[in-house]
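Engineer: dropping a prediction and its sequence here:
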Amino acid sequence: MAGALVVFIGPMAAGKTRIGKRVAKRLGVPFIDSDKVIVAEHGPVAEIFVEHGEPHFRALEAAVVVAALEEPAVVSLGGGAPMTPAVAKALAGHDVVLLTTSPEAVESRIGDGRRPLLAERGIEAWIELLEQRLPTYEALATHTVDTSRRPIDHIAAELADRVRAREHLA
Ligand SMILES: Nc1ncnc2c1ncn2[C@@H]1O[C@H](COP(=O)(O)OP(=O)(O)O)[C@@H](O)[C@H]1O
Ligand SMILES: O=C(O)C1=C[C@@H](OP(=O)(O)O)[C@@H](O)[C@H](O)C1
Ligand SMILES: [Mg+2]
């Protein structure tokens, strides 16, 4: 399918942004992170949630993701993006890699205060959101990788090889 070479989905702090960036670098193609585009155009995610509410953020996010999926790039989504029906629909036919992680491994990764949905209840909220979202993630994913116990670079190298093999890139 034309457009994105691979798309990363999964729960908050699974490594979608970091791993996606490294996969893109290894493949020599552009990297698009939906949150980074939103922040560049509209300011910090936490401020958008406070000032305009989550539905407004989801609308901005869906527009950014649908446009990004048209690009020959590696695309990383925010954790909640696949729950928006327009995003789920647009993902059909793409190579969608679900990055997962255990609650134990994620606990030390979520302390940066940039994720408004974890601001009050941290890991408890993370677990609840994962339970709600996992069936959707699994329905959309064409491949799944657990990032709990392996270095980012190893995971990125393996995933870049996988894309190369499929796309016959040099
Ligand atoms: N495999 C990994 N091992 C250790 N730390 C990781 C791993 N993947 C991600 N992290 C850390 O978790 C944090 C969140 O990563 P990030 O890529 O922003 O996740 P996401 O985009 O899925 O929310 C970062 O501090 C990152 O360094
Ligand atoms: O799971 C979510 O609903 C969210 C995940 C975040 O992205 P990461 O998954 O990259 O942390 C960001 O889009 C926003 O804070 C909401
Ligand atoms: Mg991210």
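Structural biologist: Thanks, I have it. Ligands and ions are numbered 1, 2, ... in the order given.

Engineer: residue contacts, the closest residue to ligand 3 within the chain?
Structural biologist: Ligand 3 sits closest to Thr17 of the chain, with a gap of 3.3 Å, by Cβ to the ion. For every residue, glycine as well, the C-beta is placed using N, CA and C. By Cβ atoms under 8 Å, 6 or more residues apart in numbering, the contact list for Thr17 reads Asp33, Asp35, Lys36, Ser76.

Engineer: just the pLDDT for it.
Structural biologist: Note on Thr17: pLDDT of 98.

Engineer: what about it, which SS state?
Structural biologist: What DSSP: H, G, I helix; E, B strand; the rest coil gives for Thr17 is helix.

Engineer: quick check: residues of the protein near ligand 2?
Structural biologist: Proximity of the chain to ligand 2 (Cβ under 6 Å from any ligand atom) is limited to residues Met12, Ala13, Lys16, Thr17, Asp35, Val45, Gly78, Gly79, Gly80, Arg115, Pro116, Leu117.

Engineer: hmm, which two among the residues you listed are most spread apart?
Structural biologist: Spanning the widest gap among the residues of the chain next to ligand 2 are Lys16 and Pro116, at 17.0 Å by Cβ to Cβ.

Engineer: present the residues of the chain next to ligand 2 as a markdown table; the columns should include secondary structure.
Structural biologist: Conversion of those to a markdown table gives the following (three-state DSSP):
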| residue | secondary structure |
| --- | --- |
| Met12 | coil |
| Ala13 | coil |
| Lys16 | helix |
| Thr17 | helix |
| Asp35 | helix |
| Val45 | helix |
| Gly78 | coil |
| Gly79 | coil |
| Gly80 | coil |
| Arg115 | coil |
| Pro116 | helix |
| Leu117 | helix |
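
Engineer: closest to Thr136 out of those?
Structural biologist: The closest of the residues of the chain next to ligand 2 to Thr136 turns out to be Gly80 (Cβ to Cβ; 10.1 Å).
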